[in-house]
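K.L.:
Using only what follows, build the 3D model:
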Amino acid sequence: MANSVQSSVGIVLVSHSQKITEGLKDLIIEMNGEQVNIRAAGGTDDGRLGTSATIIMSEIEELQDCENILVFYDMGSALMSAETAIDLLDEDVQPKCKIVEGPLVEGAFVASVQSTITSDVDVILEEVSKL
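P.N.:
Numbers count the residues shown, from 1 in each chain. Okay, the predicted model is just below:
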């Protein structure tokens with residue numbers, strides 16, 4: 001189910017743990033309200049620890065109406081899975097996606113706060129880069 005928020009920035013949380021992404025999503029929504037377009041893409045298709053390009057792709061597709069989609073990841077293969085997911089997307093969605101180098105928790109939180117202030121993705125990423 002897609003968020004009904006009408007923001008131009010979407011955020012996808014990628015982790016080896018579904019619990020981490022769901023918990024972080026809950027934290028961000030609790031702190032920022034429902035005004036943030038955020039999706040959790042943690043764990044594997046069968047609920048184990050790991051990452052899934054198909055889950056990530058599906059969550060990105062839920063945000064395809066956003067002008068920019070920021071993808072935060074925890075480590076290692078999560079980056080590879082995110083890159084694979086973006087490669088599998090329709091060509092009109094791919095350019096909207098930006099994989100963000102930065103801490104998953106703090107970075108996604110700062111990006112979510114900034115996305116409620118501005119839709120300028122460069123400003124948002126600049127704030128994340130300060131972490």
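
K.L.:
And the closest residue in space to residue 68 that isn't next to it in sequence, what's its pLDDT?
P.N.:
Excluding its sequence neighbours, the residue lying closest to residue 68 (Cβ to Cβ, 6 or more residues apart in numbering) is residue 121, at 4.3 Å. (Glycine included, C-beta is placed from N, CA and C.) Model confidence at residue 121, expressed as pLDDT, equals 95.

K.L.:
Show me the shaky parts of the chain.
P.N.:
1-7 (pLDDT under 70).

K.L.:
thought residue 31 was touching residue 105?
P.N.:
No: the criterion here is Cβ atoms under 8 Å, and residue 31 misses it with residue 105 at 11.9 Å.

K.L.:
In terms of neighbours, single out the busier of those two.
P.N.:
residue 105 (18 against 11; other Cβ atoms under 10 Å).

K.L.:
Remind me what the longest helix seen in the chain packs against, helices and strands.
P.N.:
Longest helix of the chain, by residue count under DSSP state H: helix 18-32. The contact analysis (3 or more Cβ pairs under 8 Å, 6 or more residues apart in numbering; DSSP states H and E) places helix 18-32 against strand 9-15, strand 37-42, helix 104-115.
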